[in-house]
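Give the three-dimensional model of this entry:
(4 chains, ligands or ions: 2)
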Protein chains: 2
Amino acid sequence: MIPEATVARLPVYLRALTALADRGIRTCSSEELATAAGVNSAKLRKDLSYLGSYGTRGVGYDVDYLRYQIAREIGVTQDWPVVIVGIGNLGHALANYSGFRSRGFRVVALLDADRSRHQEVVAGVAVRPFDDLEAIVHEHAVAIGVIATPAAAAQDVADRMVACGITSILNFAPAVLAVPDGVDVRKVDLSIELQILAYHEQRKAQVGQAAASVDGVDGLDGLDGAAGVGSGQLDGATIGVDK
Amino acid sequence: MIPEATVARLPVYLRALTALADRGIRTCSSEELATAAGVNSAKLRKDLSYLGSYGTRGVGYDVDYLRYQIAREIGVTQDWPVVIVGIGNLGHALANYSGFRSRGFRVVALLDADRSRHQEVVAGVAVRPFDDLEAIVHEHAVAIGVIATPAAAAQDVADRMVACGITSILNFAPAVLAVPDGVDVRKVDLSIELQILAYHEQRKAQVGQAAASVDGVDGLDGLDGAAGVGSGQLDGATIGVDK
DNA sequence: AGGAGCTTGTGAACGCGAGAACAAAATCTC
DNA sequence: GAGATTTTGTTCTCGCGTTCACAAGCTCCT
Ligand SMILES: NC(=O)c1ccc[n+]([C@@H]2O[C@H](COP(=O)([O-])OP(=O)(O)OC[C@H]3O[C@@H](n4cnc5c(N)ncnc54)[C@H](O)[C@@H]3O)[C@@H](O)[C@H]2O)c1
Ligand SMILES: NC(=O)c1ccc[n+]([C@@H]2O[C@H](COP(=O)([O-])OP(=O)(O)OC[C@H]3O[C@@H](n4cnc5c(N)ncnc54)[C@H](O)[C@@H]3O)[C@@H](O)[C@H]2O)c1
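Ligands and ions are numbered 1, 2, ... in the order given. Below you'll find the predicted structure:
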């Protein structure tokens, strides 16, 4: 129903609205909200129009009301239980991350295959054996799992998650996961982000060099609009399994 | 020159090729590589065609040769110096992450505004005062900066980075950064990823409910293809500043 | 050497998202 | 209360990315 690109921006709007509300602002125009969210106002209005007509012409949007509507549409008015698997460097950071709870997610369990970690308590939650996964998923009706294990273990963990009934996975391991239809996978991949930056960085350097060697000394004048403009942030799909 | 969507997938291909090489495979078809990378083979071939004709018809691609060509195109045959600012929970994990060095990036400095952290050494790199940023950037010719501070500090840190000459920023803070033209910003936002999953999760639940109430008892049979299919992973642009 | 069998590289069609532009609706002014 | 002003919601167009389908080209076998 709602385009995927719009769904990806709704959380940004939600955050911007929360920031406005925190500053005591009760009403805002599409222009203001768009600036706060880092998009242009036409796109913002079109995105919001998919949810319904929650604005008032000539006035703008009621911050709290719009916030609630977006939150409801995304589904973060309720609390989502989440399990994190792989409590190493990254898993610890995630477990300690306060942004989870404040945005509608609750870490109900931390799981790790390494026995020596089972004594530990991170952010008030005990680290438990990976084999407890099924019991926990059933007990708390967990639908969302986070994978922070090494890449080699990621597919196994995903398979186990799916077998337990988890239908949404956030994967931090640099591995391509195969999952059945109906299971969503999103990946967060630091190295890929850096490599994309490196690519553009290299191009800037090349253009600079070429301009310098053509113009003579200082090829930096005409570059402002030429380098790194207009490129969006979009990643390849990793959802479902392709046939 | 190369479409942005393709640039974002090249690192995935690179990783898949490395995995194949590690398994001793010297040659692969577009079909095999596409499967390993989680995309379809037509897209893979088109992506690779932007780099040149590095395959052999009837045979496929030489794994090592293609790997080198992609690495060269991305710019990871050279080493990129990187600074990380904000050595808290997440900053520690990033500093300890070995995937950096193995993929063409070298952490040359860890910076934090908090004095009490300046004694610390993480993964062999000392945590230094944030004010050392300029000296470090100049000394090591740093072009890429990583922000792992709280959201409130992110814009300040970005401004300082840009002032020092950094032209690529990877931002982990949940904040919209405004930067001048010519500076690339990519964001990694955990909460947004989770919220996108929550949205789809909620929709699955709604469809399940509707089907159950219409079909009578068990509405789960016909759902396989209906829920969470074909949705890609793409995020709103955060590059450059919009006017 | 020549044909059969693969596999790549690309032209063309299609669908989706971005952005501009405008009409509809609310408030404000007098 | 009527017109001016502001701001939303929507239509339309353009461009990009994905996918299909096939011709071009390489190898192997006979
Ligand atoms: N550290 C980072 O900043 C960072 C950044 C980007 C990506 N990553 C990726 O995130 C993942 C985790 O990184 P890390 O630095 O925390 O690694 P880590 O080695 O510190 O932690 C991995 C944890 O997973 C556990 N584990 C291993 N196999 C398991 C299994 N089958 N089931 C359950 N738990 C298992 C290990 O016991 C360990 O505690 C890796 O795939 C890494 O590539 C990490
Ligand atoms: N921890 C996570 O798993 C996680 C996940 C997603 C996003 N994030 C985001 O990443 C950021 C860091 O998270 P964290 O959990 O590591 O927070 P943290 O509070 O543990 O660490 C933040 C660090 O930044 C330092 N800092 C603050 N202001 C600074 C400044 N102006 N200059 C330099 N350093 C400064 C602080 O001293 C601290 O060491 C936050 O914006 C958070 O929202 C964290």
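
how's chain A carved up into domains?
A:4-74, A:80-188, A:191-243 (automatic domain parsing).

closest one to B:L170 among the ones you listed?
Closest of the domains of chain A to B:L170 is domain A:191-243, at 5.5 Å (criterion: C-beta to C-beta). In short, each C-beta sits where N, CA and C put it, glycine included.

what about A:I84, distance to A:A109?
7 Å (C-beta to C-beta, to the nearest Å).

Looking at the two, which one has more neighbours?
Shown here are A:I84 and A:A109; by other C-beta atoms under 10 Å in any protein chain shown, A:I84 has more neighbours (28 against 22).

and A:S116, how many neighbours does it have?
A:S116: 8 neighbours (other C-beta under 10 Å).

wait, I meant A:G99
Residues near A:G99, counting by other C-beta under 10 Å: 16.

And the closest residue to it other than its chain neighbours, which helix or strand is it part of?
Residue nearest to A:G99 in three dimensions, not counting chain neighbours: B:S191, with 5.2 Å by C-beta to C-beta, 6 or more residues apart in numbering or on different chains. In this assignment (DSSP states H and E), B:S191 forms part of helix B:190-215.

same question for that helix, mean pLDDT?
For helix B:190-215, the mean per-residue pLDDT is 82.

quick one: the strands in chain A?
A:27-28, A:55-56, A:60-62, A:80-85, A:105-112, A:121-122, A:125-129, A:144-147, A:168-171, A:184-187 (DSSP state E).

For the third one, name the packing helices and strands.
Helices and strands touching strand A:60-62, by 3 or more C-beta pairs under 8 Å, 6 or more residues apart in numbering or on different chains; DSSP states H and E, are strand A:27-28, helix A:30-37.

May I see the domains of chain A organised as TSV, with distance to DNA strand C added?
Shown next, in TSV, are these (distance: least, C-beta to the nearest atom of the strand, whole Å):
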stretch	distance to DNA strand C
domain A:4-74	3
domain A:80-188	15
domain A:191-243	7
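
what's the closest of those domains to B:H200?
That would be, of the domains of chain A and by C-beta to C-beta, domain A:80-188, which comes in at 5.1 Å.

what's the first-to-last distance across that closest one?
19 Å (C-alpha to C-alpha, to the nearest Å).

mind listing what A:D79 touches?
A:G104, A:F105, A:R106 (C-beta atoms under 8 Å, 6 or more residues apart in numbering or on different chains).

Buried members of those into ChimeraX, please.
With 16 or more other C-beta atoms under 10 Å in any protein chain shown as the criterion, this ChimeraX line picks the buried residues out of the contacts of A:D79:
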select /A:104,105
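
near chain B too, which of the contacts of A:D79?
A:G104, A:F105 (C-beta under 8 Å from any C-beta of the partner chain).

re earlier: need the domains of chain A in a markdown table with distance to B:S49, can you?
Listed next are the domains of chain A as a markdown table, based on distance: least, C-beta to C-beta, whole Å:
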| stretch | distance to B:S49 |
| --- | --- |
| domain A:4-74 | 26 |
| domain A:80-188 | 22 |
| domain A:191-243 | 17 |
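
now for those domains, which one comes closest to B:N89?
Per C-beta to C-beta, nearest to B:N89 of the domains of chain A: domain A:80-188, 4.1 Å.

is any part of that closest one close to DNA strand D?
No. In terms of C-beta under 7 Å from any atom of the strand, no part of domain A:80-188 sits within range of DNA strand D; the closest distance is 14.5 Å.

which residue packs closest to A:E134, ignoring adjacent ones?
A:C164 (4.7 Å).

The one you found against A:A135, yeah?
No. Here A:C164 lies out of contact with A:A135, judged by C-beta atoms under 8 Å, at a distance of 9.1 Å.

quick one: which of the two has more around it?
A:C164 (16 against 12).

I'd like the distance between that one and B:F105.
36 Å.

What parts of chain A come near ligand 2?
A:A93, A:L94, A:N96, A:Y97, A:G99 (C-beta under 6 Å from any ligand atom).

The last one touches B:E193, doesn't it?
This means A:G99. No. If you go by C-beta under 8 Å, A:G99 and B:E193 don't touch, sitting 11.5 Å apart.
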